[in-house]
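J.: Kindly return the folded structure for what I paste below:
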Amino acid sequence: MEEYVGLMKQPYLKKIGEISKWTVWAVDGQHIRTKINEEFTNFGQHFRFPFIPKWEFWIDQEGAEGETQFFIDHLLVEWRLMNKGCSYDHAVDKADAMEKQERAKSALMRRVKKHLKKAIIPKELYRRKIMENRGLKVWIVSGELTRDLFFIDFTEGGHHFVYHFVPRAEVWIDDDVQAAERKFVILHELHERYLMSQGLSYLRAHRSASHIEYECRHRPSLLRAKLKEEMKRNVNLA
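T.: Residues are numbered from 1 along each chain as shown. The predicted structure is shown next:
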């Protein structure tokens with residue numbers, strides 16, 4: 001923990017509230033991913049990320065509001081099980097199951113429920129197209145709706161080679177990703193997408209994508225050229 005002492009003030013943005021013994025904080029996810037751990041996504045707790053104090057829940061500032069309570073409920077289940085000695089995989093499965101039940105009751109799910117039987121992507125999911133090149137489209141999508149309808153653990157972004165529900169010629173970026181981080185996430189997804197199209201496993205492609213993302217986060221001057229290169233490699237896959 002000592003190695004993070006100098007960083008601890010920076011991630012905190014505001015106190016969301018207190019639940020029994022836990023304090024829930026909105027934090028600067030970009031700072032955490034750049035300075036502490038690039039694998040931190042929408043939220044976290046101590047037993048998953050040891051740099052988080054034991055009695056705190058950290059939730060990345062939401063680009064689109066509406067999911068905080070789902071994340072808190074998830075973290076409560078995850079924390080309690082891991083505190084008893086359960087593995088992360090077991091704890092996250094149980095937390096995901098509970099979270100799915102809660103999401104099914106939301107007003108948003110009631111509005112789009114008709115699409116579930118039709119097996120189509122509701123138009124409400126697409127927020128804004130931010131890049132397009134020779135048929136390949138990069139979309140900002142509703143992260144909440146993607147998690148509601150398709151995959152509870154969807155975070156930051158995705159593509160067809162990881163998520164079967166994403167159309168082959170599209171890359172999806174979660175609308176919870178802040179504008180300042182968006183290009184780093186696009187770079188990650190494009191790099192990973194290309195490598196997986198060439199036959200690499202998700203694990204190897206993800207590690208390579210995390211490496212290039214980390215490099216550009218620490219040397220932002222590289223980002224523009226790297227992004228252009230990855231977009232060029234990806235268009236022929238569309």
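J.: make it CA atoms for all contacts and neighbour counts henceforth
T.: OK.
J.: I figured K137 hits P167, correct?
T.: No. Look at K137 against P167 with CA atoms under 8 Å: they stay out of range, at 9.8 Å.
J.: can you give me the helices for this structure?
T.: Residue ranges of the helices in the chain, as given by DSSP state H, are 29-35, 68-83, 88-103, 107-112, 114-118, 143-149, 182-197, 202-218, 223-235.
J.: So which of these is nearest I52?
T.: Taking CA to CA, helix 29-35 is the member of those nearest to I52, at 10.6 Å.
J.: Other residues contacting that closest one?
T.: Residues from elsewhere that reach helix 29-35, judged by CA atoms under 8 Å, 6 or more residues apart in numbering: 10-11, 38-42, 60-61, 181, 214, 217-218.
J.: follow-up on the earlier one: between the helices of the chain, which one is closest to G158.
T.: Counting by CA to CA, G158 lies closest to helix 182-197 out of the helices of the chain; the figure is 6.2 Å.
J.: Hey, what's the angle from that closest one to helix 223-235? Just curious.
T.: 40 degrees (axes from the mean of the first three to the mean of the last three CA atoms, to 10 degrees).
J.: What are the buried residues along helix 182-197?
T.: Applying a neighbour-count criterion of 16 or more other CA atoms under 10 Å, the buried positions in helix 182-197 are 182-196.
J.: Looking at those, which two lie furthest apart in space?
T.: The most widely separated members of these, counting by CA to CA, are R182 and M196 (21.1 Å).
J.: if we can go back for a sec, pick out whichever of K137 and P167 has more residues nearby.
T.: K137 (18 against 15; other CA atoms under 10 Å).
J.: And for that one, nearest residue in space, chain neighbours not counted?
T.: Nearest residue to K137 in three dimensions, chain neighbours excluded: E170, at 4.8 Å (CA to CA, 6 or more residues apart in numbering).
J.: and the one you found, how many neighbours does it have?
T.: A count of nearby residues for E170, using other CA under 10 Å, gives 19.
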